[in-house]
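*Asks:* When you get a sec, could you give me coordinates for this:
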Amino acid sequence: MPESRPRLTPAIADVRRTVRECLEQAGIQADDLVLVACSGGADSLALAAAAAFEGPRFSGRAGESNGVRVGAVVIDHGMQPGSAEIAAETAHKLSVLGLYPVEIRTVTVGTDGGPEAAARTARYAAIDKVAEETGANAVLLGHTLNDQAETVLLGLARGSGGRSLNGMAAVSGNYLRPLLGITRQTTEAFCTDSGLEPWHDPMNKDQAYTRVRVRENLMPALEAELGPGIAEALARTAETLREDEEVLAELALDAYKRVAQERATRIDIGVAEFRALPLAIRHRVIALAALVLQAPMLARVHILAVDALVDDWHGQKPLTLPGIRVERTGETIALHTTKTLKTGAC
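*Replies:* Now for the predicted structure:
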């Protein structure tokens, strides 16, 4: 196990600094509880160790000196032999580091959307539950700059627009991602310098998973052909697009409130006012309406098909899209769902 006071190396200093800055920017206050979602891998273990160090020393915005409480949640997906033992070992490491409480939750992974998406859904549901039960003010996630770059490439491959290229947000509700500017190499160095032994998940090498193929095959090929710094460039791209998307999303929300009327099982959009919107806003309004209707994220081809009801209307039949049905009647476009909406969802 690690020494209580490992020597300060560049990797340790970098990870601790970014955790401290994240807590400050998120407005965490003295005596708040933050949880670290930890798998036992190098990224989340380094995050947990840094948070355990910074927590008691954190002063908060008002200058209080009581520090913040740092706990952890370990999710056992049950997807491979020995997962319960790995979760227990990880929890023990976290307790030795000083995190409290440390909760282990075993989840059942479904099949919707494939194993990666299903595991993610089950994991976040369990994390949310633990955060609610413990009264945690925030949950720290160990996604790194490399994860961000991989997310951007996956979004590009899907071709589903700027939102997919935004990557992951540093702050998303109660979720904080302090390590988005830190490379995987740095978190691995942190663990080595701290005497920590991370768990190496064999699924991170399984080529059956798309993200693993991106990590193991595509990223090295891009580095070899285009030169070093690809991950950093992709992460910068995500940051720039996120800034743009935040502005466009706000404009789209304002437009949605003007042109859309939420009914019990549908959303009506007035054609005349909708047609006057810029295309970028129009398309976002359609996507937002689908989101309110709890439909899956629409692909660009679906959004263009709805938009054609505005500019190329010649009495088309209703459109059947993922999770919704769309039709134009006179000067109104209606998006229907079988679910009952809560009006005022936006």
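*Asks:* In the chain, spot the strand with the most residues.
*Replies:* strand 69-76 (DSSP state E).
*Asks:* So what's the model's average confidence on the helix or strand hosting Arg284?
*Replies:* Of the helices and strands defined by DSSP states H and E, Arg284 is found in helix 279-292. Along helix 279-292, the predicted local confidence has a mean pLDDT of 94.
*Asks:* next structured bit after that helix?
*Replies:* Tracing the chain past helix 279-292, the next element assigned as helix or strand by DSSP H and E is helix 300-311.
*Asks:* and the following helix or strand past that next one, which strands flank it?
*Replies:* Per DSSP H and E, the first helix or strand lying C-terminal to helix 300-311 is strand 319-321. Paired with strand 319-321 in the same sheet, following DSSP bridges, are strand 324-329 (antiparallel).
*Asks:* first to last residue in stretch 106-114, what's the distance?
*Replies:* Distance between the boundary residues of stretch 106-114 (C-alpha to C-alpha, to the nearest Å) amounts to 19 Å.
*Asks:* burial count for Ala26?
*Replies:* Here the number of neighbours of Ala26 (other C-beta atoms under 10 Å) works out to 20. To be clear about C-beta, it is placed using only N, CA and C from the backbone, and glycine gets the same treatment.
*Asks:* Quick check: it vs Asn146, distance?
*Replies:* Noted for Ala26: a distance of 22 Å to Asn146, by C-beta to C-beta, to the nearest Å.
*Asks:* where does the protein have low pLDDT?
*Replies:* When the per-residue scores of the chain are filtered using pLDDT under 70, the ranges that remain are 1-5, 60-65, 113, 159-164, 338-346.
*Asks:* care to break it down by domain?
*Replies:* Following automatic domain parsing, one finds the domains of the chain at 10-142+177-226, 243-336.
*Asks:* Report the contact partners of the closest residue to Glu21 other than its chain neighbours.
*Replies:* If you skip the residues right next to it in sequence, Glu21 has Pro178 as its closest partner in space, 7.5 Å away by C-beta to C-beta, 6 or more residues apart in numbering. For Pro178, the contact set (C-beta atoms under 8 Å, 6 or more residues apart in numbering) comprises 18-19, 21-23, 47, 140, 170.
*Asks:* List buried members of those by neighbour count.
*Replies:* For the contacts of Pro178, burial is judged from neighbour counts taken by 16 or more other C-beta atoms under 10 Å, and it is met by 18-19, 22-23, 47, 140, 170.
*Asks:* Could you list which of those belong to helices?
*Replies:* Taking DSSP state H as the definition of helices, the buried ones among the contacts of Pro178 contribute 18-19, 22-23, 47.
*Asks:* can you map out the helices along the protein?
*Replies:* Taking DSSP H as the criterion, the chain carries its helices at 10-25, 42-54, 83-97, 115-134, 145-158, 162-165, 184-194, 210-213, 219-226, 230-259, 271-275, 279-292, 300-311.
*Asks:* Tabulate these (a markdown table), appending distance to Thr337.
*Replies:* Conversion of those to a markdown table gives the following (distance: least, C-beta to C-beta, whole Å):
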| stretch | distance to Thr337 |
| --- | --- |
| helix 10-25 | 38 |
| helix 42-54 | 37 |
| helix 83-97 | 38 |
| helix 115-134 | 20 |
| helix 145-158 | 23 |
| helix 162-165 | 21 |
| helix 184-194 | 41 |
| helix 210-213 | 29 |
| helix 219-226 | 39 |
| helix 230-259 | 16 |
| helix 271-275 | 19 |
| helix 279-292 | 9 |
| helix 300-311 | 14 |
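*Asks:* so which of those comes closest to Asp201?
*Replies:* Taking C-beta to C-beta as the criterion, Asp201 comes closest to helix 83-97 out of these, the separation being 8.6 Å.
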